[in-house]
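Asks: generate coordinates for the sequence data below:
(chains A and B, ligands or ions: 2)
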Amino acid sequence: MQVTNILFLLVGLGAFGYYLGRGRSLAMANPLGGIRRLHSLPSYHGMHVALWCLIPSLILLGLWFIFADAVINNLVISSLEPALLPPDSAGYNLVFNKINNIASGVIKEQGQPLGLIEAAQYMDSLRTMSRWSLTLLLLTVSLFGLAWGQRKITVDFRARPAVEKVMQNMLFVCACLAIFTTLGIVLSVLFESIQFFRSVPLYDFVFGLDWSPQTAIREDQVGSSGSFGAIPLFVGTLLVSAVAMFIAVPIGLMSAIYLAEYAGKNVRTFAKPALEVLAGIPTVVYGFFAALTVAPFLRNLGSDFGLAISSESALAAGGVMGIMIIPFISSLADDVITAVPQSMRDGSLAMGATQSETIRRVVIPAALPGIVGGIMLAVSRAIGETMIVVMAAGMAANLTANPLESVTTVTVQIVTLLTGDQEFDSPKTLAAFALGLMLFMVTLVLNIVALHIVKKYREQYE
Amino acid sequence: MNKVDQSTHKSKENTSEQKLNSSPKQSLDLDKNHVTVGKPFSDDSKMTMRNVDVFYADKQAIYDVNLDIAKNEVIAMIGPSGCGKSTFLRTLNRMNDTVDGCRVSGTIAMDGENLYAPKLDVVELRARVGMVFQKPNPFPKSIYENVAYGAKIHGLADSRVDLDEIVENSLRKASLWEEVKERLHQPGTGLSGGQQQRLCIARAIAVSPEVILMDEPCSALDPIATAKIEELIEELSQNFTIAIVTHSMQQAARVSHRTAYFHLGKLIEVNPTEQVFTLPEHQLTEAYITGRFG
Ligand SMILES: Nc1ncnc2c1ncn2[C@@H]1O[C@H](COP(=O)(O)OP(=O)(O)O)[C@@H](O)[C@H]1O
Ligand SMILES: [Mg+2]
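Replies: Numbering: from 1, shown residues only, chains lettered A, B, ... in the order given. Ligands and ions are numbered 1, 2, ... in the order given. As a prediction, this is how the structure comes out:
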């Protein structure tokens, strides 16, 4: 039986168990004078039975997923004649893949060595057997669980705390999963980076001024050996982010101040959602807006003024990115500004300060830590932003501080390094991991500092 | 036990009902054209209010209040919560302007000048009529900057030395100087509640106002801090006219010269404080100070 079918069957059994458990507890309660005689509500009894029915079999299913393939593979390999088994690991993988492909029908049996065909047939039969025994095992375990759960139901049985406990543990497991997945990604990036730093020294990578990752694809090919100096990429990233912040911070802040302090109720109810819609536009839309509308416009404008603006300029990419970030900054700043207690404003107004004096001298200084935190979060977003720069910023790794020229960013290079045919252990591919690691560290530090600031600010009025 | 309690309670009610019946002119129900009893007017008035009504959108919060506040007096405003004390106080420095939908009619004048005249400068008015709030609200700045705030806004100091002097004088007048002179540049929010409230008073008097409004300035403070503020109010009354809202009748009795009793937006009675607490003229005042409601 297919695993998905087994899953459906189990869920069905669980639902059935819920129904049974609920019914049984109700039946017990009714002669005694109703539900209030039960320690736990009938739904808790139902849940309890369902959980007994599901959890043990789901755990078994998980174990099967983890171990079944490995066990089968080992059995198949050990059944092979030693003559068919190459000594080195590459040849071993080749043979094993062949068996696997024959077994699943990807490769025709005709023309293959007899030993391999036999192994494939063995593998196939093992797999079928394992699925059937799994089905039987799970059904038995489920039914036993169901029966056990049913048996435990009594008037005084404390189903509620038991269910609560299971729920709590389930949530805990989910939280752990999220953390471990992230940790896993970080570690894998870290290990690949370490591999990269075996072929390119850390110093050359972090402080190198030249970025041209074109290495030879095959070892016997003629070609440059590539140089991996990340400075131009980080300078480009900073340049684009700086342009973005230059646009987003003033506009975002001022619109936040307007919304929080001056706008009437009507404007506010209209403008806040409108800004949030702006934040929901997919970045790819911003990207082609930058590449197809803004960049040509800037180039033509530049030529009118006698300025040479590259058609893929940091200005176009950064400018559009800035527009994208405006709602981010304005909604964060709006939150911290409205969090400044009204009593601060009253105090200032009662001293005879005008509204703008109150905003400049009391509200903004009080909200400043929160605003700075928000800006730093926005910066880390700008640094990690990919789509807009891929479409509008260009590929040439120029080391320049001129926003009219074309630059490239870390994220753009990661994309180009990993698209197309790659060898997985060439420095060119591994460089993407190293770049990713550095990017991650930069945004991590920014985020930690920003969150720290925001948190500190929150405590100020409590 | 319970029975006895109930019976005494009942007899109390009976006596007050009898009293009510004995003076039919002043019933507990407010008639439409009620008149404030006592002495609401003064020959030497700093602020005069005539026929003041205050509305929040369509809801009327203050009904036809007539009152004078005399020069250098301390007038206390008491009454059950929600009766409009704060609302009335905030009309005196036009802080109600900041409330959406709040409308004031009638005349309110200070030294004969109409505070609601179109050409009146609110900035100047609020420099002349300072305010201290219920909850201490120092700005999240240093102690020094808190006190210097008003002076800077109104351009009262020409030099750093001037400013230092203003700050020191105000802190001295608020009897806070000795406690904070070593830490002038630390945040004002780091002070204790009572110190913060005195800092707010110092901040208010730094711009040399003529009138100081206080809206339950001690309700967030402990008894010792309260005693200090009350002492301070007494000292300040030599130089300033003070209008103080309080929910504590003892406080009104201790610090004020006259007491005004508000009830459901109406000014019921104004009399010298001693009289209000010993021989109130109006039944409602008596009912309130004997604790029948509040
Ligand atoms: N900002 C406001 N908007 C609408 N109604 C208000 C507002 N402030 C106060 N009120 C109403 O005005 C009345 C008087 O309130 P307030 O002056 O605060 O009373 P007090 O200070 O005596 O407790 C109350 O009924 C209150 O609900
Ligand atoms: Mg009040």
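Asks: quickly list what the spatially most central residue of chain B is bridged to.
Replies: Nearest to the geometric centre of chain B sits residue B:244, at 2.3 Å (Cα atoms, centre = their mean). Listed by DSSP bridges, the beta-bridge partners for residue B:244 are residue B:76, residue B:214.
Asks: now the strands: where do they sit in the chain?
Replies: No chain in the question, so chain A it is. Secondary structure of chain A, counting by DSSP state E: strands at A:211-212, A:227-228.
Asks: my bad, the chain I had in mind was chain B
Replies: B:37-38, B:45-56, B:59-70, B:74-78, B:102-110, B:113-114, B:129-132, B:211-215, B:241-245, B:258-263, B:266-272.
Asks: elements contacting the third one?
Replies: It refers to strand B:59-70. Here strand B:59-70 touches strand B:45-56, helix B:85-91, strand B:241-245, strand B:266-272, going by 3 or more Cβ pairs under 8 Å, 6 or more residues apart in numbering or on different chains; DSSP states H and E. The C-beta positions use only the backbone N, C-alpha and C, and glycine is treated the same way.
Asks: report the mean confidence score over it.
Replies: Mean pLDDT, strand B:59-70: 94.
Asks: equivalent analysis for the first one, please.
Replies: Strand B:37-38 shows a mean pLDDT of 89.
Asks: swap in the fifth one?
Replies: On average, the pLDDT along strand B:102-110 is 94.
Asks: columns mean pLDDT on top of the helices and strands packed on strand B:59-70, output as JSON lines?
Replies: Shown next, in JSON lines, are the helices and strands packed on strand B:59-70 (pLDDT from 0 to 100):
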{"stretch": "strand B:45-56", "mean pLDDT": "95"}
{"stretch": "helix B:85-91", "mean pLDDT": "95"}
{"stretch": "strand B:241-245", "mean pLDDT": "96"}
{"stretch": "strand B:266-272", "mean pLDDT": "95"}
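Asks: closest to residue B:182 out of those?
Replies: Evaluated over these, closeness to residue B:182 peaks at strand B:241-245, with 29.7 Å, by Cβ to Cβ.
Asks: how about that closest one: buried residues?
Replies: Within strand B:241-245, the residues that count as buried by 16 or more other Cβ atoms under 10 Å in any protein chain shown are B:241-245.
Asks: same question, stretch A:184-191
Replies: For stretch A:184-191, burial by neighbour count (16+ other Cβ under 10 Å) applies to residue A:189.
Asks: how about the contacts made by the closest residue to residue A:271 other than its chain neighbours?
Replies: Once flanking residues are discounted, residue A:271 sits nearest to residue A:259: 5.9 Å by Cβ to Cβ, 6 or more residues apart in numbering or on different chains. The contact partners of residue A:259, taken as Cβ atoms under 8 Å, 6 or more residues apart in numbering or on different chains, are A:267-268, A:271-272, A:330, A:334.
Asks: pick the one among these closest to residue A:415.
Replies: Nearest to residue A:415 among the contacts of residue A:259, with distances taken as Cβ to Cβ, is residue A:330, at 29.2 Å.
Asks: for burial, what's the neighbour tally of the residue in the stretch 351-462 of chain A that chain B sits nearest to?
Replies: Nearest residue of the stretch 351-462 of chain A to chain B (Cβ to the nearest Cβ) works out as residue A:352 at 3.7 Å. When neighbours are counted by other Cβ atoms under 10 Å in any protein chain shown, residue A:352 registers 24.
Asks: how much space between the residue nearest to it when sequence neighbours are not counted and ligand 1?
Replies: Of all residues not flanking residue A:352 in the chain, residue B:126 sits nearest, at 3.7 Å (Cβ to Cβ, 6+ apart). Distance, residue B:126 to ligand 1, by Cβ to the nearest ligand atom, to the nearest Å: 19 Å.
Asks: for residue B:126, give me its contacts.
Replies: By Cβ under 8 Å, 6+ apart, the neighbours of residue B:126 are A:349-352, B:93-94.
Asks: how far away is it from residue B:232?
Replies: Residue B:126 sits at a distance of 21 Å from residue B:232 (criterion: Cβ to Cβ, to the nearest Å).
Asks: hey, where'd the helices end up in chain B?
Replies: B:2-22, B:85-91, B:122-128, B:143-153, B:160-173, B:177-180, B:193-205, B:223-236, B:249-255, B:273-278, B:283-289 (DSSP state H).
Asks: so the fourth one versus helix B:160-173, what angle?
Replies: Our comparison of helix B:143-153 with helix B:160-173, counting by axes from the mean of the first three to the mean of the last three Cα atoms, to 10 degrees, yields an angle of 120 degrees.
Asks: circling back: by neighbour count, which of the contacts of residue A:259 wins?
Replies: Within the contacts of residue A:259, neighbour counts (other Cβ under 10 Å) peak at residue A:330, which reaches 29 neighbours.
Asks: residue B:199: what's it in contact with?
Replies: B:136, B:138, B:143, B:146-147, B:174, B:176, B:180, B:188, B:191 are the contacts of residue B:199 under Cβ under 8 Å, 6+ apart.
Asks: could you redo the residues you listed as TSV and give each row neighbour count and distance to ligand 1?
Replies: Shown next, in TSV, are these (neighbours: other Cβ atoms under 10 Å in any protein chain shown; distance: Cβ to the nearest ligand atom, whole Å):
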residue	neighbour count	distance to ligand 1
B:136	25	17
B:138	26	22
B:143	28	29
B:146	27	25
B:147	31	27
B:174	26	24
B:176	24	27
B:180	20	31
B:188	26	26
B:191	21	26
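Asks: quick check, nearest of these to chain A?
Replies: Closest to chain A, out of all of the contacts of residue B:199 and judged by Cβ to the nearest Cβ, is residue B:138, at 7.7 Å.
Asks: the lowest-mean-pLDDT helix or strand in chain A: how far from the chain's middle?
Replies: Here the helix or strand of chain A ranked lowest by mean pLDDT, DSSP states H and E is helix A:89-103, holding a mean of 79. A distance of 34 Å separates the centroid of the chain from that of helix A:89-103, by Cα atoms, centre = their mean, to the nearest Å.
Asks: same thing with stretch A:230-238?
Replies: Using Cα atoms, centre = their mean, the offset of stretch A:230-238 from its chain centre is 24 Å.
Asks: and what of stretch B:39-46?
Replies: Taking the mean of its C-alpha atoms, stretch B:39-46 sits 17 Å from the chain's own mean (Cα atoms, centre = their mean).
Asks: what comes up buried for that stretch?
Replies: Going by 16+ other Cβ under 10 Å, stretch B:39-46 has these buried residues: B:40, B:42, B:45-46.
Asks: nearest to ligand 1 among these?
Replies: residue B:40 (17.9 Å; Cβ to the nearest ligand atom).
Asks: which residues touch the residue nearest to the closest one when sequence neighbours are not counted?
Replies: The shortest distance from residue B:40 to any non-neighbouring residue, by Cβ to Cβ, 6+ apart, is to residue B:270 (4.2 Å). Residue B:270 sits next to B:36-40, B:67, B:258-261 when contact means Cβ under 8 Å, 6+ apart.
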